[in-house]
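*Asks:* Sequence and predicted structure below; questions after.
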Amino acid sequence: MARRGSSLHRPTVTAGSAPRLCDAPGCEAVGEFRAPRDRSRIRDYYHFCLEHVRAYNEAWDFYRGMSPEEIEKNLKEDTGWQRPTWPLGRLGQKARVGPEVLRDPLGLFSDVKPTPKKTARDAPPELRAALDVMGLGWPIDEDGLRARYKELAKRYHPDVTGGDKSAEDRLKDINRAYSLIRKRLATLPQPQPSQAA
């Protein structure tokens, strides 16, 4: 892929061949810049020097001579890169919008603010570091703890990581954190989830 400013737009001149002259009448400069001849032959080019290509670009109007309807049609085709398009979703069928489509889990469009997510900072002080190692918030139930432990154990197991020492150390930390949290969950009173009315 060519970089910006590369010689993509400049004709290559082989050794021994004369450079292409500017297509502007009476100009003897090298025509190193391309410009399309007209909108129907967009890939057929004039070759101009810098001065004349600037003048050409200032006067260029792709839509000159087109009616407003033709301009609108051309603009519409350009939005799809001159390729056919189809309506989105079930071939354009007008479906009813259900409440699941209009969910607002973050409460951005309603007056009701979402309840803040619990983090490890809300946990008892002796469990905060262990919860951080496990990547869990507080409160946590035994099923959630067990599921997270299985996920982390599979990710950092030596058979999966190929004996990576850092992964092995991480798995040891995960095992200690899991053991500590599990023991403390058995002795701590479990927080009751709030009941929505």
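*Replies:* Everything's here; your move.
*Asks:* switch to C-alpha atoms for all contacts and neighbour counts from now on
*Replies:* Will do.
*Asks:* just checking, residue 36 touches residue 56?
*Replies:* No. Contact criterion C-alpha atoms under 8 Å: residue 36 and residue 56 do not qualify, at 9.8 Å.
*Asks:* what mean pLDDT would you report for stretch 181-189?
*Replies:* When pLDDT is averaged over stretch 181-189, the result is 79.
*Asks:* Show me how far it is from its chain's centre.
*Replies:* With C-alpha atoms, centre = their mean, to the nearest Å as the basis, stretch 181-189 stands 42 Å off its chain's centre.
*Asks:* Residues touching that stretch, excluding its own?
*Replies:* Stretch 181-189 has contacts (C-alpha atoms under 8 Å, 6 or more residues apart in numbering) with 127, 130, 131, 141, 142, 145.
*Asks:* Give me the buried positions along that stretch.
*Replies:* Within stretch 181-189, the residues that count as buried by 16 or more other C-alpha atoms under 10 Å are 181, 185.
*Asks:* Can I get it in CSV? Just the C-alpha atoms.
*Replies:* C-alpha atoms of stretch 181-189 as CSV (Å, rounded to 0.1, in the frame of the first residue of the first chain):
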residue,chain,number,x,y,z
ILE,A,181,-13.1,-16.3,50.5
ARG,A,182,-14.8,-19.7,50.7
LYS,A,183,-13.9,-20.1,54.4
ARG,A,184,-15.0,-16.5,55.2
LEU,A,185,-18.3,-16.9,53.3
ALA,A,186,-19.1,-19.8,55.6
THR,A,187,-18.7,-17.7,58.7
LEU,A,188,-20.0,-14.3,57.5
PRO,A,189,-23.7,-13.5,57.5
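*Asks:* Specify the helix with the largest residue count in this protein.
*Replies:* Secondary structure of the chain per DSSP state H: the longest helix is helix 165-187.
*Asks:* Return the backbone torsion pair for the residue lying farthest from the centre of the chain.
*Replies:* Largest separation from the mean C-alpha position in the chain: residue 26, at 51.3 Å (C-alpha atoms, centre = their mean). Dihedral pair for residue 26: phi 80, psi 0, per degrees, to the nearest 10.
*Asks:* Show me the shaky parts of this protein.
*Replies:* Residue ranges of the chain with pLDDT under 70: 1-16, 86-102, 105-107, 110-122, 188-197.
*Asks:* and it, what are its domains?
*Replies:* 19-77, 120-187 (automatic domain parsing).
*Asks:* chain center to stretch 132-151: distance?
*Replies:* Stretch 132-151 sits 30 Å away from the centroid of its parent chain (C-alpha atoms, centre = their mean).
*Asks:* Equivalent analysis for stretch 39-59, please.
*Replies:* 36 Å.
*Asks:* how about it: buried residues?
*Replies:* 46, 47, 48, 49, 50, 52, 53, 56.
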